[in-house]
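Peer 1: need the 3D shape of this:
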Amino acid sequence: MPNRQILGLSMGLAIALSAGSAFADGHADVANGQTIAERRCGSCHTFDEGGRNKVGPNLYGIIGRMAGQTEDFRYSDLNAGAADVGLVWTEELVAQYLPDPQGFLETYVSENGGTPSGRTRMSFRLRDEQDTKDVAAYLATLGAQ
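Peer 2: The predicted structure is shown next:
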């Protein structure tokens, strides 16, 4: 793993572990997030520990994980580029990603010293701000200690 990936992973884990849930202040509805994720994301993703990858990767344990690191899943060049510049998923970043995955990744890669290349395979957009917070809060419960 390149040094910047290790640094990004370390920073992301420290933030995730020390800050707790940024949405724990009552502004996110985990149950609604689960419903939305299962109904709108479940055709491409699984959410169970040890779940198989589908068109998209299994999202169990995504919060606190380096982008592009799901075992046995082949990521697009753009997603791999996000990993190369140290993207570690937090609730906040997932909530920013969901409304425009392509735009989010291009901006993130650019702002962190990389050159965006290619397209993400994530074409779905979840545009409602509250829904994005709810889904991110739900994902944070998956694999939480």
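
Peer 1: give me the nearest residue to Val94, chain neighbours excluded.
Peer 2: Excluding its sequence neighbours, the residue lying closest to Val94 (CB to CB, 6 or more residues apart in numbering) is Ala136, at 4.1 Å. The way it works is simple: take the backbone N, C-alpha and C, and place the C-beta from them, glycine included.

Peer 1: next, the buried residues of stretch 107-118.
Peer 2: Buried residues in stretch 107-118, counted by 16 or more other CB atoms under 10 Å: Tyr108, Val109, Gly114, Pro116.

Peer 1: surely the second one meets Gly103?
Peer 2: This means Val109. No. In this structure, Val109 is not within contact of Gly103 by CB atoms under 8 Å, at 11.0 Å.

Peer 1: stretch 77-91: end-to-end distance?
Peer 2: Using CA to CA, to the nearest Å, the end-to-end distance of stretch 77-91 comes to 23 Å.

Peer 1: show me what whichever strand or helix holds Tyr108 is packed against.
Peer 2: Tyr108 belongs to helix 101-111 when assigned by DSSP states H and E. If contacts are counted by 3 or more CB pairs under 8 Å, 6 or more residues apart in numbering; DSSP states H and E, helix 101-111 sits against helix 77-84, helix 91-97.

Peer 1: which element follows that helix toward the C-terminus?
Peer 2: helix 129-141.

Peer 1: may I see the buried residues of that next one?
Peer 2: Buried-residue list, helix 129-141, by 16+ other CB under 10 Å: Asp131, Thr132, Lys133, Asp134, Val135, Ala136, Ala137, Tyr138, Leu139, Ala140.

Peer 1: show me the contact partners of it.
Peer 2: Contacts to helix 129-141, defined as CB atoms under 8 Å, 6 or more residues apart in numbering, come from residues 21, 23-24, 27-34, 36-37, 41, 47, 59, 62-63, 91-92, 94-96, 98-99, 126.

Peer 1: let's see that with 6 Å instead.
Peer 2: 21, 23, 28-30, 32-34, 36-37, 59, 62-63, 91, 94-95, 98, 126 (CB atoms under 6 Å, 6 or more residues apart in numbering).

Peer 1: again, but for stretch 28-40
Peer 2: For stretch 28-40, the surrounding residues in contact (CB under 6 Å, 6+ apart) are Asp131, Lys133, Asp134, Val135, Ala137, Tyr138, Thr141.
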